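Novice: sequence and predicted model, in that order:
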Amino acid sequence: MHFTAQFACHFAATRRGQLGGRRGERVTILGVRDGYARVRKLVGGAEGLLPTFCLEIDDLPGENFAEQIEYRRKWYELVDSVRPRTFESLSQELVYNLPILSGLSSFLPVEPVMIPSDKPQFLEELEDKVVRKGSTLVLRCTTAMRPGYTVSWTGAAAKSARCGVFEDGDELRLELREAEIADSGHYTVTVRGPKEENVSFAWVTIVGKPGVPASVACMSMKRNSVKLTWKRPTRTENSMRLWYAVELKRREMPKFETILSGLEQPEAVVSGLETQPCLFRVFAYNEFFAGAPSEPITVDPPEDVSDWNSQIDVREASVSSQQIDFFDESFSQYFTVADDAVVLGRGRFSVVREAKCRVSGRPFALKYFNRIAAEDSDANHPDIARELQILQKIAHPHLVEYFGAARTAHYFIIILRRVNGLSALRYVCARGFVSEALVQALCRQLLLGLQYLHAHNIAHLDVRPENLQVEDRRRLPHLTLVDFGSARHSCSELAVWAGGEMEFAAPEQLAHRPSTKSDLWSLGVFLWVLVFGHSPFESPDEETMRDLILHAVLPPLDADAAGRFSSPLLDLLFDALQLDLERRLCASECLASEWVASAAPDELLMVDYLEDYVERRKSRMQSSFLHHG
Ligand SMILES: Nc1ncnc2c1ncn2[C@@H]1O[C@H](COP(=O)(O)OP(=O)(O)OP(=O)(O)O)[C@@H](O)[C@H]1O
């Protein structure tokens, strides 16, 4: 809240920072300290200090006197709390001693003084000014003018046509319109008397729009972070302070958004990146202007397999199970699993429950496998050992993160990041709408995960909606591939099809010769479901389904459904569902395909065409679980 007040008397400012004025001039009080009030004039807006006793408050909060008295009392307490300085011997010489005089006259309400000297005196000096380019620069000072005094100004633009100088009573003023950077510099006003002269100085800085940060570069850091560096713009246009802001744009965002600002150093670390490519740009700004942004640079840390390679522990494929560090007794020191812990999912061999880390409080997903007897070792369970070995090797934002393994009296436990999402189809249904852009985002993220896995010669071999967990991160879908129970190093030649759900399995998997490309087939089936609302090989009995898959017999195309999506999407789908492995695209080729590489339409479609399939699948999964469970 600001009070207004009036000058109770004339006050002549004699020190830099003080504000002179005439009795009755109205001001806003901005603050009070040490007997001085910082005020701003209502007319003209000049700001400065003047002694509190020169002010008479005139506009107080409150309806009536009784309400206002409280403020009035506070004001006089403030005014009285400072004892004025007194000068013991006020000799005539003092008048010529300006520093002391200015100290003295600050406390004495005076009429503008006519100093008995031939040397012109300034009552208010010029002040240094920092002004935005294009605006009007005003320099002002006051002096006790006498007849016969002359005034002259110097400065870079003092002679320009944009510049005007004025004498208004005691006030001397220079006004410069449309100030330019080149107008910056030293300005003086000289007041000449018949015998002597006096000069007041000010340094003027006109600030313009800073230039573009140069050499913006990006370096991948661990996990999903990048470090951006750049160079200070060559043109800072007199910026007194220069800050930087970083902007980000993802494919589906209509425009860049500022994610970091106020950076003083030409570098920033950005964490929590999604897997899709991000465009970054940087701009500099000062107290008045934001400069133009740099050329965007594309940053795609998780996609760049070579970057991630450098960070993962690339061990030999045949790590022996002894190398897995189980933590045994200590397990319960680190994790609490509530009796009614949420069951995140059930597989044929395991139950996945939510648990909390006692140390960090973070939730984890624990995958429990029954242990037959205390001496039962993981070596007796080659599938668990293999799953652990693979999980230990991988690190990618779209693959579930592994934290360790534990052995308790009854279980082997794999500790994983808890993916706080829904299976892919449920996620889509829960949104109520689907768009080709969403389908593309999910496929793209899955492809990135697969590209990474396949580059390490690992085939997942169980890509299906339940193992694609999707969560919202900053309102964008983030897909994580879970369940490495079926995963194989593709070098291990033969993998016997162990039965189970085959709707998403590739023909060669059913023929016991899976390959990394089997995952692309499953991706094709997943895409088919999203496009047509049913799976291509769905049939009431297992034998028919097996036959259809083994011969890659696709159902006739539903033209209406196909019309909802673009033809590059349908092309990719057919390229993934190729029986011939040579002709089937690999993950990198899919990522480079026309559909994945270009922006997909974001028109929204109702999901009702999918809901029946999701329900059918749910009851199939339940009966299969009962069957195996
Ligand atoms: N890290 C996780 N966070 C959240 N949910 C998970 C996680 N891991 C697994 N789940 C859920 O638990 C289900 C079962 O887990 P998982 O598939 O790993 O078990 P499994 O015994 O290997 O199953 P399957 O019989 O399919 O091989 C998953 O389909 C998924 O829904």
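Specialist: Perfect, thanks for sending it.

Novice: in this protein, where is pLDDT below threshold?
Specialist: Applying pLDDT under 70 to the chain flags residues 1-2, 81-117, 221-224, 271-276, 300-330, 333, 359-360, 373-380, 490-500, 622-629.

Novice: pull up the residues of it that are close to the ligand.
Specialist: 344-350, 352, 365, 367, 400, 416-419, 423, 462, 466-467, 469, 482-483, 485-486 (C-beta under 6 Å from any ligand atom). Where C-beta positions appear, they are placed from N, C-alpha and C, glycine not excepted.

Novice: now do 5 Å
Specialist: For the chain, the contact set with the ligand under C-beta under 5 Å from any ligand atom comprises 344-345, 347-350, 352, 365, 400, 416, 418-419, 466, 482-483, 485.

Novice: now those residues: which count as buried?
Specialist: Burial by neighbour count, judged by 16 or more other C-beta atoms under 10 Å, picks out 344-345, 347, 350, 352, 365, 400, 416, 418-419, 466, 482-483, 485 from the residues of the chain next to the ligand.

Novice: tell me which two in these are the farthest apart.
Specialist: Spanning the widest gap among these are Arg418 and Gly485, at 17.5 Å by C-beta to C-beta.

Novice: ok, the spatially most central residue of the chain - contacts?
Specialist: Geometric centre of the chain, nearest residue: Ile259, 3.1 Å, by C-alpha atoms, centre = their mean. If a contact means C-beta atoms under 8 Å, 6 or more residues apart in numbering, then Ile259 has Val246, Glu247, Leu248, Val270 as its contacts.

Novice: against the ligand, how distant is it?
Specialist: 28 Å (C-beta to the nearest ligand atom, to the nearest Å).

Novice: give me the three-state assignment for that residue.
Specialist: strand (DSSP: H, G, I helix; E, B strand; the rest coil).

Novice: hey, which strand is longest across this structure?
Specialist: If each strand of the chain is counted by residues according to DSSP state E, the longest one is strand 197-207.

Novice: so Arg584 makes contact with Ser522?
Specialist: No - Arg584 is beyond contact range of Ser522, at 11.4 Å (criterion: C-beta atoms under 8 Å).

Novice: so between the two, which is more surrounded?
Specialist: When neighbours are counted by other C-beta atoms under 10 Å, Ser522 comes out ahead of the other of Arg584 and Ser522, with 25 against 22.

Novice: now Leu176: phi and psi?
Specialist: phi -120, psi 120 (degrees, to the nearest 10).

Novice: so it bridges to which residues?
Specialist: Here Leu176 sits in beta bridges with Leu137, Cys163, going by DSSP bridges.

Novice: and it, how far is that from the ligand?
Specialist: Taking C-beta to the nearest ligand atom as the measure, Leu176 and the ligand are separated by 66 Å.

Novice: what of Thr143?
Specialist: Distance from Thr143 to the ligand, by C-beta to the nearest ligand atom: 79 Å.

Novice: that residue contacts Asp170, correct?
Specialist: Yes - using C-beta under 8 Å, Thr143 makes contact with Asp170 at a distance of 6.2 Å.

Novice: need the residues touching each of those two.
Specialist: Between them, Thr143 and Asp170 share the contacting residues Leu123, judged by C-beta under 8 Å, 6+ apart.

Novice: which one's more surrounded, those two?
Specialist: Thr143 (22 against 16).

Novice: can you map out the strands along the stretch 251-400 of the chain?
Specialist: Taking DSSP state E, counting those that start in this stretch to define them, one finds strands in the stretch 251-400 of the chain at 257-263, 267-270, 278-285, 297-299, 326-327, 335-336, 343-346, 350-357, 363-370.

Novice: check which residues of stretch 381-398 are buried.
Specialist: Buried, per 16+ other C-beta under 10 Å, within stretch 381-398: 381, 384-398.

Novice: swap that for stretch 467-477, sorry
Specialist: For stretch 467-477, a neighbour-count test (16+ other C-beta under 10 Å) marks Asn467, Leu468, Gln469, Val470, Pro477 as buried.

Novice: quick one on the thing from earlier: most tightly surrounded among the strands of the stretch 251-400 of the chain?
Specialist: Mean neighbour count (mean count of other C-beta atoms under 10 Å) peaks for strand 278-285 among the strands of the stretch 251-400 of the chain, with a mean of 22.

Novice: tell me the helices and strands packed up against it.
Specialist: Strand 278-285 sits against strand 214-220, strand 226-231, strand 243-250, strand 297-299, with contacts defined as 3 or more C-beta pairs under 8 Å, 6 or more residues apart in numbering; DSSP states H and E.

Novice: please identify the most buried of those strands.
Specialist: strand 243-250 (a mean of 20).
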